[in-house]
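**Student:** take this sequence and fold it.
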Amino acid sequence: MTKDLLKGLNEHLKLEFRASHEYLAMSIWLNEHDLPGFATWMRKQSGDELLHAQRIIDHLVERDQKVVLPAIAAPPLSWKSAEALCEHVLKNEREVTASINELYAMAEKAKDRPGVVMLQWFVTEQMEEEAAARAVLGRIKLAGNTGVGLLMIDQELATGKVPGMPPSPTDAAQ
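**Tutor:** Numbers count the residues shown, from 1 in each chain. The predicted structure is shown next:
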């Protein structure tokens, strides 16, 4: 593994841990605002981000590489609305996707086959993560940020299904 790829993977951990931390804070905020379905979705997203970080850590450990755990800043504690919160989620996911794409390109350039294989899973996962965030945000924009529409989306999220999205093939793989 090249030094640059190792450094990049360790730096990427910060994005995964930050997202997990923020999504947990979002779950709390959503519960406080009587949106338990949204809160359940964000708690699951928080856990998924921790699993993503663990996947990278496991990859580095298996390859006898140094893992450097990052410091994580305190997350925001409130959002203007459920729509603003979902916009923040989509922004986070886009940042993670950009980082994964850079890491994938580095691994390809270095002909690091194990790195490419590991990162391919993330490429697919990020497509799904962004699509889910866009789907929920789109539903909020259609329904409006308050009232019955928001409650209907909340009820759908409470079932574990993201509105407008088919079941994720990577859910079974995790």
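**Student:** every contact and neighbour count from this point should use C-alpha atoms.
**Tutor:** Noted.
**Student:** quick one: find the helix or strand in the protein with the lowest mean pLDDT.
**Tutor:** helix 169-173 (a mean of 52; mean pLDDT, DSSP states H and E).
**Student:** residue ranges with poor pLDDT in the chain?
**Tutor:** Filtered on pLDDT under 70, the chain yields the residue ranges 145, 164-174.
**Student:** at 90 instead, please
**Tutor:** Low-confidence segments of the chain (pLDDT under 90): 143-149, 159-174.
**Student:** how about the helices in it?
**Tutor:** Along the chain, counting by DSSP state H, helices occupy 3-32, 36-62, 82-109, 113-143, 147-158, 169-173.
**Student:** chain center to the third one: distance?
**Tutor:** I take that to be helix 82-109. Averaging C-alpha positions (CA atoms, centre = their mean, to the nearest Å) puts helix 82-109 8 Å from its chain's average.
**Student:** need the helices of the chain in CSV with mean neighbour count and distance to residue 68, can you?
**Tutor:** Below are these laid out as CSV (neighbours: other CA atoms under 10 Å; distance: least, CA to CA, whole Å):
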stretch, mean neighbour count, distance to residue 68
helix 3-32, 20, 6
helix 36-62, 19, 9
helix 82-109, 18, 16
helix 113-143, 17, 17
helix 147-158, 17, 35
helix 169-173, 9, 26
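**Student:** so which of those is nearest residue 74?
**Tutor:** Closest approach to residue 74 among the helices of the chain (CA to CA): helix 3-32, 7.8 Å.
**Student:** packing partners for the closest one?
**Tutor:** Packing partners of helix 3-32 (3 or more CA pairs under 8 Å, 6 or more residues apart in numbering; DSSP states H and E): helix 36-62, helix 82-109.
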